[in-house]
Every structure is written in structure tokens, then in C-alpha cells.
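In: coordinates only, sequence not included:
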């Protein structure tokens, strides 16, 4: 607990240059679910600050509350203690202001809509004009490399392509924040590597703040500017690891010594978290 | 190996050709006494049947298939022509053997038809139509052969005559039943069930209170309430429509509720992340998800509405309607009219059901069960 607080605090202090405003600021946040007459402590005393333009990965064992933390940021879950601000306001305001795009584990595309109309779904809900919707869906689909698939139905696409549609949809309304919950978890490794490279390029191009939940150490190190290591339930932050790899990187970097060193640090932190419970 | 695949022997054609003299023999020498010619020919027919049974398997080339089809169709005419003159007497055995042989030939012809490389829709329709015609044919032959009393079972030809001569009456009966009872009852019942489901959805106390009541209600045979509806709404079409409303309400409500319940948690979260309100969630996510269930209810209701309206007309109605016609004509032993009305009801019911099945395919093309 002390370790997590200390690390998170130093990180916040170190990263928060006065001119830059934090995208996310979480202080002493806890969340307890009531399951029957048992209280489940999903998150415990989380302190985390994320700057605009960062790519932060949350990594930890299954059931450690990574997804819950992300859902709290998205205002899909309410914390039971502590405070959280998203772009300086409370999460509900951010949600209603469409400040973030959420990419789930599954593509969650609507089978009755074509690919382009899936991308346009949030724009439709926002009441955007048809012409503007079409322009944006074309643009975002090009961004994720799906030009030519606009009129297909999701079930005519491979799993990797479906997930790319879901990323295009999250980008359609140009949110400042991208929340990605194990988006490539269900894909094979080759597709996953490929999409990781694309995602990195996309992040460099758009400059969005990305929060990324993953199980994979290699994925986290490859993508992130910072890696938040979480422990098993009750979910706590046990370490925040900087990831100072060059901004443009390709998959070959995974064999570089500095990559392996960071990966080893993450692995150590995860192993320590296991010994907490066992 | 190669020899085996190459050695096709046109059993079908040989068998069909062997059977060909029989109808001629039957037509030339009909009568109460069997002739030696008929005895020989009947043995040939039995032989042909056995040959065909053994042949099976490999389909012949396309031109030969057409020959089989033509022979099968032509062979059907012989028994009809023979039987027109009445009793067969001793020729009955010959006739029986011919029917057996012909049945096997027909079997083979149908198998070839189902195998034919046509578009699936055409092939399905064709096989179904051929089966229907074959069924009518057997019906006609059996009625003529055994001289079945028309009060017991009129022949398809007699029913066809009734259909042709009483078209206007049958049409007006159909109009009364379908447009005044079935359609309004179906529309009101289904719509009310749908709207009620929207109200009940998300209010667990209503669901918990109403669903058991609903299933108890569906368990009682609803036509039993027809007399009560007639007391309430009079003997006109309104009381039948009321029965149909009662019959169609719960299937639609239960199905819609089921469809609204299957929505995925993640997809709801997605809508929430867009700040979508109740109506947006309903229109853009939950109703489309529930659509396959709703169409299922519409198909169930299409059948129930026809049954409900026709059966409740038995309990009292003015002098029109398909159910009324059936009960009135049974009383007069006019079985041809009874069957003609049943035929109209069957066709109307199938078309009404088919309409919803077609709309289902159009609107839920994306559902895994309809994807190409």
C-alpha cells in the first residue's frame, strides 16, 4: 500500500509540469461492490494522474480491477470513496460531453448496420447531419485501414477487422480520451502485433490520451509511455513504470535490451503482487 | 474403380419402359374379370418396381432424368382414366401391382428432382409442389378405387368443382373472417402485447406479477372463452376479433420481453458511453436486438389468429365466415363445401404466415439464422 501511494505520488509530482493539465486525476479512490451480504473490494485507495497525450497501460492479473478502474473513469461505475476528475470535471460530465471513446474486449458492433453505419452510430445519437456523418465514417475507416469495407456487414469481417471498426467508431466523434479494455485480447498474436503497430501510429498521429487495459506485458511495454501495475483484489496500484522508448518504434524493438529491461521490471512487479495474496 | 463409376445402367428408364404397357392393357381390357394379359403385365410392373429399388444411387444424365420425369407424369394418368368407369373387380390385383411399381418410380423421380442443380428456392418450391400434387393424386386414386362415400371423404376433383362453382361465396366468407376478425384481432392483440411488454420491461414487480398470470392464461384453451366473447360483443365479427386479441396478446408480450432481455451488457454500456437516453437505447439497440423475437411472435400469432377466428365462429355467428360455413355445411352433409372452405383457410393461413416469414427474412437478414 505504501509502495503504491509513494510511487503514484512521485509520478504525479514528477509528470505534472505546471503548464500541462491532467487528463485524469484520481485520488484515494476505492470501490466496494455489494454482492449479497458480502462486500467485494474491487478497488482500494487508487492514486493516479494521467496527462493529456499519454499512453497509459493498466496491467495486472485477472480480477485485479483494471477494467473496473477504467469503467470508473468512463462513469459506467461509481466509486464508493475518493475523488476522480476527468478533464477537470466529474466523470459524468465527461461522459455526457462525449469526452471519451470506449473500445471493449468484444467489437460490440450492431449486426444490422453496415460497417460505415456502425461507425456513424455515436454521430447519429449526437444528431449530426447525414453528410457530415458519412464524411467522418469514411475518414475514420481510412484511418484504421478499412477503406473498401464500408458497405460490408460486421459478420462478413474477420475478428481483427471488426475490432478495427470498433476503434474507428470510438474515434468518430473525435474524443480527447480513448479507453481501450483489452481490445486485442481475443485476437491471434499475429493480428494483435499488427494492430499494436497500427494503434501506435494512430496515437502518434492523433495525439489522443489513451488508457489501455491488457494482460500482456509485451503489449504494455510496446505501446505505453507509462505502465500501471495493479495487484490482485482488492485492486491496488503497486507500481507505475516509465517506459521511455523512442516515440517511433516497430516490433523489432521488442528484442532491444531497454525493452527487455522494462518488461523484466513489469514482470517483477507482477510477481511481487502475487506474493501478497499467496 | 474407374469401371464402377463408368458403369451406369439406366435402370430407371428400363423399369419405366417395362411398366409402360400396363396402362395400355388396363385401358384396352378393363372390366370385372382379369385377363391373362393383365396378369402378365402386372408381374412386369412388380418386376419393374424391384428393379428400380435395386437401381437407386447414381443419378442418370440430364436427358435421361427428363425421360424419367415425363414417364412418371404420364404414368399418373392411367389409373385415373381406368378408375373413371368404376369397380375394377378381379383387375384389382393388377391395379395394386401397378400402383406399387408406380410409387417406386415416383420415389425415384422425386429423388432426382431434389438432386437437380437448380437455384435452391426453385428446387424447394418445385419439390414441395410435386409432393402436393402427388398427395392429391393418391387421394383421388384411393377415393375412386375404394369408392369412398363422399360424406366420408370427397375426392379432390369434387372439392375442386365446389371451389370453382362457389367461388363467390367462398370469397365473401374469407373476407368476413379474415378482414373483420383475423386482421383486426391480430393487429390489436400483437400491438397491445408489444406495448405492454415495453411497459412491463424494467419494472420487475409487473413482470413478476403478470408473467405467471400470462402463462396460466395461455394454458386454458382460449377458444373456450369464445362463448363469453359472443355474450359480450355479440355474434358479429367483433366477438371473434376479441378472441383473436386474447390469443395473440400474450405470445407477443412474452416474446418481446424475452427479446428485450437478451441485450448484451457491453452494448448497453456502449450506449451509455454515448450518453444515450432511454428512447435512444430502445430504438437504436434494444428493439433491433429484439426484432427476431418479435417476428417469431408475429408468425405464431398469424397461425393462432386464423385458428381463433374460425373456431369461434362455430359458437354462433351471422350467416357468413369460414368457420360458420364449415359448421353449416357439415350439418347439410355438403362435404365438398366443407373441404373447399378448409382449402381456402389453409391457403389463406399459409399466405398470412408466409408474409410474416418473408418480412422476417427482409428485416432480420443479419441474424445468424438468416445469413447467407
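Out: Cool, the structure landed. Worth saying up front: this structure is predicted, and the values here are computed from it rather than measured.
In: and residue 144, how many residues sit next to it?
Out: In the absence of a named chain, this looks at chain A. As a burial measure, residue A:144 scores 22 neighbours (other CB atoms under 10 Å in any protein chain shown). Heads up, the C-betas are built off the backbone N, CA and C, glycines and all.
In: Chain B was what I was after
Out: 19.
In: Quick check: what element follows the helix or strand hosting it along the chain?
Out: Using DSSP states H and E, residue B:144 sits within helix B:120-145. Once the chain leaves helix B:120-145, the next helix or strand it forms, by DSSP H and E, is helix B:156-165.
In: can you list the residues that contact that following helix?
Out: Here helix B:156-165 makes contact (CB atoms under 8 Å, 6 or more residues apart in numbering or on different chains) with B:136, B:139-140, B:143, B:150, B:154, B:170, B:336-337, B:339-340, B:343-344.
In: Identify the residues contacting the residue of chain A most remote from its centre.
Out: In chain A, the greatest distance from the average C-alpha position (CA atoms, centre = their mean) is reached by residue A:37, at 32.1 Å. Counting by CB under 8 Å, 6+ apart, residue A:37 touches no other residue.
In: Distance check, the one residue in the stretch 1-150 of chain B that gets nearest to chain A against residue B:107.
Out: Using CB to the nearest CB, residue B:120 is the residue of the stretch 1-150 of chain B that sits closest to chain A, at 20.2 Å. Distance, residue B:120 to residue B:107, using CB to CB, to the nearest Å: 22 Å.
In: the more surrounded of those two?
Out: A count of neighbours by other CB under 10 Å puts residue B:107 above the other of residue B:120 and residue B:107, at 16 against 7.
In: which SSE is the more buried one in?
Out: helix B:92-115.
In: now swap in residue A:264 and tell me
Out: Going by DSSP H and E, residue A:264 is in helix A:257-277.
In: Would you mind listing the buried residues in stretch A:256-272?
Out: For stretch A:256-272, the neighbour count (16 or more other CB atoms under 10 Å in any protein chain shown) marks A:259, A:262, A:263, A:265, A:266, A:269, A:270 as buried.
In: Let me see the contact set for the closest residue in space to the first one that isn't next to it in sequence.
Out: Looking back up the chat, that one is residue A:259. With sequence-adjacent residues excluded and distances taken as CB to CB, 6 or more residues apart in numbering or on different chains, residue A:259 is closest to residue A:253, at 5.3 Å. Shown in contact with residue A:253 (CB under 8 Å, 6+ apart): A:222, A:245, A:246, A:259.
In: The second one reaches residue A:257, doesn't it?
Out: No: with contacts counted by CB atoms under 8 Å, residue A:245 stays clear of residue A:257, the gap being 11.5 Å.
In: which helix of chain B spans the most residues?
Out: Longest helix in chain B by number of residues (criterion: DSSP state H): helix B:335-363.
In: Averaged pLDDT, it. What do you get?
Out: Averaged over helix B:335-363, pLDDT sits at 95.
In: just checking, what packs against that helix?
Out: helix B:156-165, helix B:167-175, helix B:287-313, helix B:322-331 (3 or more CB pairs under 8 Å, 6 or more residues apart in numbering or on different chains; DSSP states H and E).
In: With mean pLDDT as added columns, please give these in a markdown table.
Out: What follows is the helices and strands packed on helix B:335-363, written out as a markdown table (pLDDT from 0 to 100):
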| stretch | mean pLDDT |
| --- | --- |
| helix B:156-165 | 94 |
| helix B:167-175 | 95 |
| helix B:287-313 | 95 |
| helix B:322-331 | 93 |
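In: Appreciated, that's everything.
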